[in-house]
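Novice: build the 3D model from these lines:
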Amino acid sequence: MEKVLIIANTYFQVITAINLKLTILKESFVDIIITDISTNYDLIAARLEKTKLFNSVQTADINEICYKKNKLIKYKSLLFWKNTLKKFIKKDNYNYDVLMFFNYDVFTYSVFNKIYECNKDIKVYRYEEGFCSYLYDFSHLIITKIYRIFRKIARKPRLEEKIEKYYFYHPDIVLFNANYEFAKIPTLDRTNIKLLEILNNVFDYEKVKEQDEYNKKYIFFEECFFCDNIGVDDFDLIMQIADIVGKENLLVKLHPRNKIDRFSKYGISTNKTIGIPWEVIQMNRNFSDKIFLTISSGSVLASKLYFGDNIKTYLLFNCTEKMSNMVGQEYFEYLRRIQEKFGINDFCIPNNKTEFLNTLKKEVKA
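Specialist: Numbering: from 1, shown residues only. Next up is the predicted model:
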C-alpha cells in the first residue's frame, strides 16, 4: 500500500487533504501534519484525529522559524535542516512513498530532505491553495533559490526537481506552465455526506449553525489590507455600502488574520465565529438569495469554483483609490478563464465607485 505524507499549513489545505483522502487517496496509507500557521491548529488536529480518517495526525510548530524569524536565521535553519526538523516536530518515521504539500518553506524542504534519505524514489506532489495557486508556481521565492544552492553544494536533488504532479480543482484554468502534470482534485461535493460530516466535526460548524450569523442580504468579505497595513481604504467603502443597503442588512465577514473588529461599534454586524473556513460554511448553506461584495478576495470565487453556485457578486477593486495588490494582469486573465469555463454573468465589476454606488442604490430601490 502506498504511504503518503501530507503537510497542511492552512484550513483550506486541511479541507483539500480530507477531500483527497476520501477520493484519490482512498486506498492509500496517509499521514498528515498540520502546522501552527493556522489558528487553533492543535484543536483542528485533535478533532481530525478522532475521525480516524488518517493513519496519524501530527502537529508541527513552524511559524516562528519559517515565517517570523529574520532571513539569516531562516537560511541557517535551512542549512542545518536536521537540527531544525527536530525543533519543528517529534517524529521518527519518514519512510514514505509520496510527499504532498503546497508551501515552499524551511519545514517542507527539511521534511523532503529527510524522506529522501529514507527513500530515493520518493514522489512529490503539490496541491492547490486557493486562487493564487492558479496564477504562479512560487518557484521565484528567495527561499527556493537559497535551497537550490544548498542542495547543489550537497550534491543532492531538490524538492522542485522531484515534483511529478500538481493537483488542482480546475487544472484547465492554471495560468503558468510547468514540466510536471496538472492533475485534478474531485470538486467539493455537498452530497458527499461523509465529507460534509467530517468537515463539520473538524471545524465545529455547529457554532455557526447556532448563531445564524449569515442571515443578512449583503455579505462583504474583508481582506487583509488593514491588518497588513497595505493602505487600501476599504473602511469608507464599506460604510457607504451600509448607508445604502441599511446596516441591519449587511454583514462584514472579517478576515481570519484581522484581530480587530472595526465595524461592530458602528452598528454593522460581523461574524463572531472565527476559525471556521468559508468553504465549510458554504457547503452547509444556500446563499443564492444573498449578494456578495469584496474588493478582491478569492473567497467569493469559491461559490463558482468549488460548488458551481450562481450568486450575485460585486468585485470592487476599481472602487478604491489604491488598487489591491492582488489585482494585476494575471488576475484579469484568471477571471477571463473562469468566464470561459463557467460563465460569470452574476459577477459585477464596476468601473469606479460612483458607478457602483449608483447601481447599488437602484438595486435597493427595485
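Novice: quick one: buried residues of stretch 347-361?
Specialist: F347, C348, P350, K353, F356, L357, L360 (16 or more other C-beta atoms under 10 Å). (Each C-beta comes from the backbone N, C-alpha and C, glycine too.)
Novice: sorry, that was for stretch 190-210
Specialist: Buried residues in stretch 190-210 (16+ other C-beta under 10 Å): R190, N192, L195, L196, I198, L199, N200, V202, F203, D204, Y205, V208.
Novice: okay, and T108 sits in which element?
Specialist: Secondary structure assigned from DSSP states H and E places T108 in helix 106-118.
Novice: parallel or antiparallel, list what pairs with the helix or strand immediately after that helix in the chain.
Specialist: Where DSSP H and E defines the elements, the next helix or strand beyond helix 106-118 is strand 123-127. Sheet pairing here is set by DSSP bridges, and for strand 123-127 it gives strand 98-101 (parallel), strand 163-168 (parallel).
Novice: now strand 123-127: how far from the chain's centre is it?
Specialist: For strand 123-127, the distance from its own C-alpha centre to the chain's C-alpha centre is 17 Å (C-alpha atoms, centre = their mean, to the nearest Å).
Novice: confirm that F182 lies within a helix, as I assumed.
Specialist: No: according to DSSP: H, G, I helix; E, B strand; the rest coil, F182 belongs to no helix; its state is strand.
Novice: was I right to think it contacts Y166?
Specialist: Yes: counting by C-beta atoms under 8 Å, F182 touches Y166, with 5.6 Å between them.
Novice: neighbour count for those two, which is higher?
Specialist: Remark: of F182 and Y166, Y166 carries more neighbours, 21 against 17, as counted by other C-beta atoms under 10 Å.
Novice: what's the spacing between K217 and I24?
Specialist: K217 sits 38 Å away from I24, going by C-beta to C-beta, to the nearest Å.
Novice: just L99 next, same as before
Specialist: To I24, L99 is 15 Å away according to C-beta to C-beta.
Novice: more neighbours: which of those two?
Specialist: Counted by other C-beta under 10 Å, L99 and I24 do not tie: L99 has more neighbours, with 25 against 17.
Novice: list the contacts for the more buried one?
Specialist: Residues in contact with L99 (C-beta atoms under 8 Å, 6 or more residues apart in numbering) are V4, L5, I7, V111, F112, I115, I122, K123, V124, Y125.
Novice: likewise for A178?
Specialist: Taking C-beta under 8 Å, 6+ apart, we find A178 in contact with D137, I163, Y166.
Novice: how many residues are close by the second one?
Specialist: Applying other C-beta under 10 Å, we find 20 other residues in the vicinity of I163.
Novice: check the first one too.
Specialist: The burial metric for D137, expressed as a neighbour count using other C-beta under 10 Å, is 19.
Novice: would you mind measuring from it to I276?
Specialist: D137 sits 30 Å away from I276, going by C-beta to C-beta.
Novice: I appreciate the help and will end here.
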